[in-house]
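Asks: My questions are about this predicted structure, shown below with the sequence.
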Amino acid sequence: MSFWSYLSARHEQLLTDAFQHASAVFQCMVIATALGIAIGLVSYRSTWGGHLAITSTATMLTIPSLALIGLLIPLVGLGVPPTVIALTLYGLLPVVRNSIVGLRGVDPALVDAAKGIGMSRSAQLLRVELPLAWPPILTGIRVATQMLMGIAAIAAYASGPGLGNEIFRGIASLGSANALNQVLAGTIGIVILALLFDSAYVLLGRLTIPRGIRV
Amino acid sequence: MSETDGRGSTSGATIRLENLTKRYPGNPNPSVDDVSMDIKAGETVVFVGPSGCGKSTTLKMINRLIEPTSGRIRIGDEDVTDMDPVKLRRKIGYAIQSSGLFPHMTVAENIALVPKMTGWSKAKVKDRVEEMLDLVGLDPREFHGRYPRQLSGGQQQRVGVARALAADPPVLLMDEPFGAVDPITRDHLQDELIRLQHELHKTIVFVTHDFDEAIKLGDRIAVLRERSHIAQFDTPEAILTNPTDDFVSGFVGAGAALKRLNLTRVRDVEIADFPTVSVDDPLQRIFNALRGGAGNELLMLDRRGRPYKWLRRGDLMRAKGSLARAGQLVHDTVTRDATLHDALEAVLTDSGGRVAVTGRRGEYIGVVDMETLMNSVHEMLEADRLAAAEHRHDLEELRHHRTEQELEGGADSP
């Protein structure tokens, strides 16, 4: 069976997998972004706290994804939970690091000015520091999403959702007629999804980064 | 805020610093040591001193960006030392070096920040933004929607001042606001600030390390030495002609007589009339004016009444009757708020030894020449000498009468 006829025969299953893949990555990124920015906000003012946040999230990233998912299975079972936990943890590092770097990169004179004209602490954060730190934070989110696209494929190992299932099925039945097609379809699907997400981020950047600081 | 007199109807409030001290942990010496000072309402006081003398720290204690270790701050009749700092700062304008504008907000959004925070209505804020832009000499239609990075350094600084004044605070703190712009722009900005202050009568506390700037702007100058000790707190004239000690005279530097020129403005000297014609006048009338006038020179104004060309008798002849080619373009003018120093500079570089004085929109008002300047300077220095002699006389008398009493702070103790 050729690759094209494989695609047309299996497109329903493939689309479902692709949708689940995208939706898992998207939801985990939302959680990772919220958590990551929160961690950044809590820790960016202290040298010590910033180090701790960056180092601990970086350590998370050094754990091989297969091992992490494997370790999570006995704790939370199979399926969606280990996938979500693993993806969120992996997504944290770029967001946390870029939040801290971005927030620290805001010109202290501007923070001084914000305080000096009578902004409350929360107004300083919401109206000055976060908007100015947003471009690097968005870059962090973008990098994290790219990474999660690949890692999400491993989730199939814990019978999670997504295009990883195609790849694993193909690998498991190597030598059979459709093995290569399955692996190819899964991989190409992930690449296409990643590109789609990336262009969505470009658009998001256009919409959310104020014109005055856009490069 | 009344509707008729829209701009800056809240005039200044007094500021009183009482034994203000700031200590930082780990430093045995306080950065600011026991500063007491009374600043009158509507007065511009300049803190000047070498870098690291604590002048900026003292300023920042007024809006409590730095909390004093001990001492009290009073603004108007209110003790603000323990007030909510956020509320306090909304009543105090704050302008800093390199403008401090938020780059992600437009000019209008920057200016609207404080009025919005204090809960003004949308329409009122909008009007106020236009008014403030106009006040600092920027065309509201043109600059409204621009981002700070699309402005020059001088324009940014103007917007910074507009933002500081937007909520009409009685007090304005300025921390080396013109430190980061080029000398020519700085000069313009200083002139603008003087003009603004003429209109608004805020209480301004201004920090600089540039003594010339201090002389130009201050009603009174506080010369500060290390730990913010006040070496002398007096009018610029008194500091120039009568410095209390070597530290102050060292800071005043050489050329006190020349610096004295910075203390008088063009508005204070006699501005002479000069025969003028307009570019739209018929050629014959210009001829007649040239021939008929007492001097043999005319000032030609452009269509908006601004000085355009100096025309001498014979210029028209040489240019074969073509107005476009005749005469000499006016290359320098001064406003009525310019200092005599600026006027002298302009007169010296002008080939004819005079400079045209213009109003706010650049329109012609009159002319100042070398002779007028010389006479005014002579009168001025004479008056200063008299005042200084009188001051010395007073001091001696005071000493004579109170030999057994201790002389306190302000007097010139031996």
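Replies: On my side now, so go ahead.
Asks: going forward, measure contacts and count neighbours with C-alpha atoms only.
Replies: OK.
Asks: what is the mean pLDDT for stretch B:174-191?
Replies: For stretch B:174-191, mean pLDDT is 86.
Asks: who in chain A is up against chain B?
Replies: A:109-110, A:113, A:115-120, A:128, A:131-132, A:210-213 (CA under 8 Å from any CA of the partner chain).
Asks: So which of the residues you listed sit within strands?
Replies: When DSSP state E is applied, those are split such that none fall in strands.
Asks: pLDDT weak spots in chain B?
Replies: Along chain B, the model assigns pLDDT under 70 to residues B:1-9, B:254, B:256-257, B:293-295, B:321, B:402-414.
Asks: picking that back up, list buried residues within the residues of chain A next to chain B.
Replies: A:110, A:113, A:115-120, A:128, A:131-132, A:210, A:212-213 (16 or more other CA atoms under 10 Å in any protein chain shown).
Asks: ok, so what distance separates B:R306 from B:P282?
Replies: Using CA to CA, to the nearest Å, B:R306 is found at 18 Å from B:P282.
Asks: Those two - which one has more neighbours?
Replies: Higher neighbour count among B:R306 and B:P282: B:R306, with 22 against 10, using other CA atoms under 10 Å in any protein chain shown.
Asks: B:F178 contacts B:Q156, correct?
Replies: No. Under the criterion of CA atoms under 8 Å, B:F178 lies out of contact with B:Q156, with a separation of 10.6 Å.
Asks: which residues do those two both contact?
Replies: B:S98 (CA atoms under 8 Å, 6 or more residues apart in numbering or on different chains).
Asks: Have a look at those two and say which one is more surrounded.
Replies: Neighbour totals were compared for B:F178 and B:Q156, and B:F178 leads with 26 against 21 (other CA under 10 Å).
Asks: Against B:G314, how distant is the residue lying farthest from the centre of chain B?
Replies: In chain B, the greatest distance from the average C-alpha position (CA atoms, centre = their mean) is reached by B:K320, at 46.1 Å. As judged by CA to CA, B:K320 and B:G314 stand 10 Å apart.
Asks: what touches both of those two?
Replies: Joint contacts of B:K320 and B:G314 (CA under 8 Å, 6+ apart) do not exist.
Asks: For the helix or strand containing A:R206, buried residues please.
Replies: Secondary structure assigned from DSSP states H and E places A:R206 in helix A:179-208. Within helix A:179-208, the residues that count as buried by 16+ other CA under 10 Å are A:179-187, A:189-190, A:193-194, A:197-198, A:201, A:205.
Asks: For the longest helix seen in chain A, name the packing helices and strands.
Replies: Looking across chain A with DSSP state H, the single longest helix is helix A:3-43. Packing partners of helix A:3-43 (3 or more CA pairs under 8 Å, 6 or more residues apart in numbering or on different chains; DSSP states H and E): helix A:47-62, helix A:80-104, helix A:130-154, helix A:179-208.
Asks: export the ones you listed to a markdown table and tack on mean pLDDT?
Replies: Formatted as a markdown table, the helices and strands packed on helix A:3-43 follow (pLDDT from 0 to 100):
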| stretch | mean pLDDT |
| --- | --- |
| helix A:47-62 | 88 |
| helix A:80-104 | 90 |
| helix A:130-154 | 92 |
| helix A:179-208 | 91 |
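Asks: out of the ones you listed, nearest to B:G49?
Replies: Checking the helices and strands packed on helix A:3-43 against B:G49 by CA to CA gives helix A:80-104 as the closest, at 31.6 Å.
Asks: for the residue positioned nearest the centre of chain A, what are its contacts?
Replies: Nearest to the geometric centre of chain A sits A:T145, at 3.2 Å (CA atoms, centre = their mean). Counting by CA under 8 Å, 6+ apart, A:T145 makes contact with A:V25, A:F26, A:M29, A:G91, A:A194, A:F197.
Asks: possible to save those residues as a markdown table with distance to B:V114?
Replies: Shown next, in a markdown table, are the contacts of A:T145 (distance: CA to CA, whole Å):
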| residue | distance to B:V114 |
| --- | --- |
| A:V25 | 41 |
| A:F26 | 38 |
| A:M29 | 36 |
| A:G91 | 38 |
| A:A194 | 43 |
| A:F197 | 39 |
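Asks: quick one: contacts for the nearest residue to B:H201 once chain neighbours are set aside?
Replies: When the adjacent residues along the chain are set aside, B:H201 lies closest to B:G42, with 4.6 Å between them (CA to CA, 6 or more residues apart in numbering or on different chains). Counting by CA under 8 Å, 6+ apart, B:G42 touches B:S11, B:G12, B:A13, B:T14, B:H201, B:K202, B:T203, B:I204.
Asks: Equivalent analysis for B:R265, please.
Replies: Taking CA under 8 Å, 6+ apart as the test, what B:R265 contacts is B:R336, B:D337, B:A338, B:T339, B:L340.
Asks: Quick check: the gap between it and B:K216.
Replies: For B:R265, the distance to B:K216 - CA to CA - is 10 Å.
Asks: any idea which element A:G175 lies in?
Replies: A:G175 belongs to no helix or strand, assigned by DSSP H and E.
Asks: ok, it - how many residues close by?
Replies: The burial count for A:G175: 10, using other CA under 10 Å.
Asks: again, but for B:G314
Replies: 17.
Asks: What does it show for phi and psi?
Replies: phi 100, psi -30 (degrees, to the nearest 10).
Asks: what does the stretch 51-200 of chain B put close to chain A?
Replies: Counting by CA under 8 Å from any CA, the stretch 51-200 of chain B sits next to chain A at B:63, B:65, B:85-90, B:92-96, B:100-106, B:114, B:117, B:147-149, B:164.
Asks: one step back: for the residue nearest to B:H201, phi and psi?
Replies: Residue torsions, per degrees, to the nearest 10, at B:G42 are phi 80, psi 10.
Asks: And for B:G160?
Replies: Dihedral angles (degrees, to the nearest 10) for B:G160: phi -60, psi -40.
Asks: how near is it to A:L195?
Replies: From B:G160 to A:L195 the distance is 43 Å (CA to CA).
Asks: try A:A153
Replies: Going from A:A153 to A:L195 by CA to CA gives 16 Å.
Asks: same check, this time on B:E130
Replies: Taking CA to CA, one finds B:E130 at 46 Å from A:L195.
Asks: before we move on, the earlier item: host element of the residue farthest from the centre of chain B?
Replies: Going by DSSP H and E, B:K320 is not in any helix or strand.
Asks: Contacts only, for it.
Replies: Per CA under 8 Å, 6+ apart, neighbours of B:K320: none.
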